[in-house]
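Participant: Sequence unavailable; structure follows:
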């Protein structure tokens, strides 16, 4: 799903969670994901985070609606 956002990122293993570090050249956005619980947080500059958060929420809703 993160790949479909069309923003380059790299995944880093951080113990209990995974972190996607976005490389958009503008922001310091990070997506934290805890595989065991499914919890997701998006952190970073709010000016860049709002659009990405809305896009991510839409993707998650579509994924849930498709039974994924």
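Facilitator: Alright, I've got the coordinates. Here the structure is a predicted model, which means the values were calculated and not measured.

Participant: Contacts for the helix or strand of the chain with the lowest mean pLDDT next, please.
Facilitator: Of all helical and strand segments in the chain, the minimum by mean pLDDT, DSSP states H and E falls on helix 46-65, at a mean of 89. For helix 46-65, contacts defined as C-beta atoms under 8 Å, 6 or more residues apart in numbering pick out 1-2, 4-5, 7, 22, 24, 26-27, 29, 31, 40, 42-43. No exception for glycine: its C-beta is placed from N, CA and C like everyone else's.

Participant: Tell me what residue 21 is bridged to.
Facilitator: Beta-bridge partners for residue 21, by DSSP bridges, are residue 10, residue 30.

Participant: list the contacts for it?
Facilitator: With C-beta under 8 Å, 6+ apart, residue 21 has these contacts: 9-12, 30.

Participant: Try it again at 10 Å.
Facilitator: By C-beta atoms under 10 Å, 6 or more residues apart in numbering, the contact list for residue 21 reads 8-12, 28-31, 44.

Participant: Quick one: low-confidence residue ranges for the protein.
Facilitator: 68 (pLDDT under 70).

Participant: Mind telling me which residue is nearest the centre of the chain?
Facilitator: Nearest to the geometric centre of the chain sits residue 31, at 4.0 Å (C-alpha atoms, centre = their mean).
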